[in-house]
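S.K.: no sequence on this one, just coordinates:
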């Protein structure tokens, strides 16, 4: 079997997570920390890409890595236009959209730009895999009930798809042959219906759909929400920030913790005053899983629980008690982002699937350009 060395890059606010893989085996896994003053000195997030690229190259050379052996570089996908899932080669159209920040500003926008910058040094291809903007939703799922608002597909596509492929393999099938419900349980929570390799419905965990999470509000009664928005208590920006970062579990308990071990401690005693909040979180997740099972007409091969909260056995148990009647449950804790990026590129390098091209006009749908 051929050996492919792949450098993967996952940018965050003040850290660039990297890993060097030889096929599925990680050779180096590292987090490159950047000084806050340096990062904050850039006029925009995307303007950091050359600086971060140089930091990565310097780190790898200090470690004595022979970069001439690289076969490809892969970055975390950013805020692009809605596209089908898959592995995309970084091209001019993609870079132009990211540099123009046409769909928003986020550290993930740096992934493709850094990957391209480094790959250019070695005349090798650069890729992204399953960005958050993957949109495979059925048209019926996009109807919201109000014509001026269309439901959008924004979710943890990278982890969803990687978990779906892993589950299918364990079931002895291909991802394109199974019906799955996948729940990503992290700072945001997204629960999707995967049907024959496509995510045909999923809640928008970023913009207030589905269960609440550790820090987000999830779906709220819109009448009460409208009243709050016009109460004068919050500005537009403050209201958005409140719902994204100061809601959910964090709004209910005095000293919220993001640690899974602390979550285990919270759940050990039912008389803990915080217990009902975590119980309600599990309840809402289970409720969303039950709801989305109807999208698959109840024909579900497995339910997958993944993400950071899936490390908590007690929390997983609370969910399983309510949904195990639907289908068998598989638990894959964590996000495994770097590994998922490498696997996406490996499928292309091994010719198991074709790399897709990001288009300046039109999109990929059902494996075709439209």
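M.R.: Ah, there it is. Small disclaimer: the values here were computed from a predicted structure and weren't measured.
S.K.: what's around residue 3, how many residues?
M.R.: Other residues lying near residue 3 total 9 when counted by other Cβ atoms under 10 Å. (Glycine included, C-beta is placed from N, CA and C.)
S.K.: and if you look at the one 4 residues further on?
M.R.: If you count neighbours by other Cβ under 10 Å, residue 7 ends up with 31.
S.K.: What of the one 10 residues further on?
M.R.: Counted by other Cβ under 10 Å, the residues lying close to residue 17 total 16.
S.K.: Give the residue spans of the protein that score low on pLDDT.
M.R.: 1, 255-261, 360-370 (pLDDT under 70).
S.K.: So which residue is dead centre in it?
M.R.: Nearest residue to the geometric centre of the chain (Cα atoms, centre = their mean): residue 156, 2.5 Å.
S.K.: what's that residue sitting at in phi/psi?
M.R.: In terms of degrees, to the nearest 10, the main-chain angles of residue 156 are phi -80, psi 70.
S.K.: Please identify which helix or strand holds residue 115.
M.R.: Here residue 115 sits within helix 110-122, counting by DSSP states H and E.
S.K.: re earlier: OK, contacts around the residue nearest to the centre of the chain?
M.R.: 132, 184, 186, 188, 190, 205, 307, 335 (Cβ atoms under 8 Å, 6 or more residues apart in numbering).
S.K.: if I look at the first one, how far off is residue 152?
M.R.: Using Cβ to Cβ, to the nearest Å, we find residue 132 at a distance of 11 Å from residue 152.
S.K.: Compare these two and say which is more crowded by neighbours.
M.R.: Taking neighbours as other Cβ under 10 Å, residue 132 and residue 152 compare with residue 132 leading, 21 against 17.
S.K.: Touching, that one and residue 160? I think so.
M.R.: No - taking contacts as Cβ atoms under 8 Å, residue 132 lies outside contact range of residue 160: 10.1 Å.
S.K.: What are the contacting residues of the strand or helix carrying residue 223?
M.R.: Taking DSSP H and E as the criterion, residue 223 maps to helix 222-229. The contact list for helix 222-229 (Cβ under 8 Å, 6+ apart) reads 234, 239.
S.K.: One more pass at 10 Å, please.
M.R.: Residues from elsewhere that reach helix 222-229, judged by Cβ atoms under 10 Å, 6 or more residues apart in numbering: 146, 208, 217, 219, 220, 221, 234, 235, 236, 239, 242, 243.
S.K.: And for the third one, the neighbour number?
M.R.: I take that to be residue 217. There are 17 residues near residue 217, going by other Cβ under 10 Å.
S.K.: May I ask which two of the contacts of helix 222-229 are separated the most?
M.R.: Maximum pairwise distance in the contacts of helix 222-229, criterion Cβ to Cβ, is 24.1 Å, between 146 and 235.
S.K.: burial count for residue 248?
M.R.: 24.
S.K.: Can you name the element that comes right after the helix holding residue 115?
M.R.: Remark: after helix 110-122, the chain's next helix or strand is strand 126-129, criterion DSSP H and E.
S.K.: Give me the helices and strands touching that following strand, please.
M.R.: Packing partners of strand 126-129 (3 or more Cβ pairs under 10 Å, 6 or more residues apart in numbering; DSSP states H and E): strand 5-11, strand 70-76, strand 87-89, helix 92-99, helix 110-122, helix 157-170, helix 337-349.
S.K.: please redo it, this time with the cut-off set to 8 Å
M.R.: With contacts taken as 3 or more Cβ pairs under 8 Å, 6 or more residues apart in numbering; DSSP states H and E, strand 126-129 sits against strand 70-76, strand 87-89, helix 110-122, helix 337-349.
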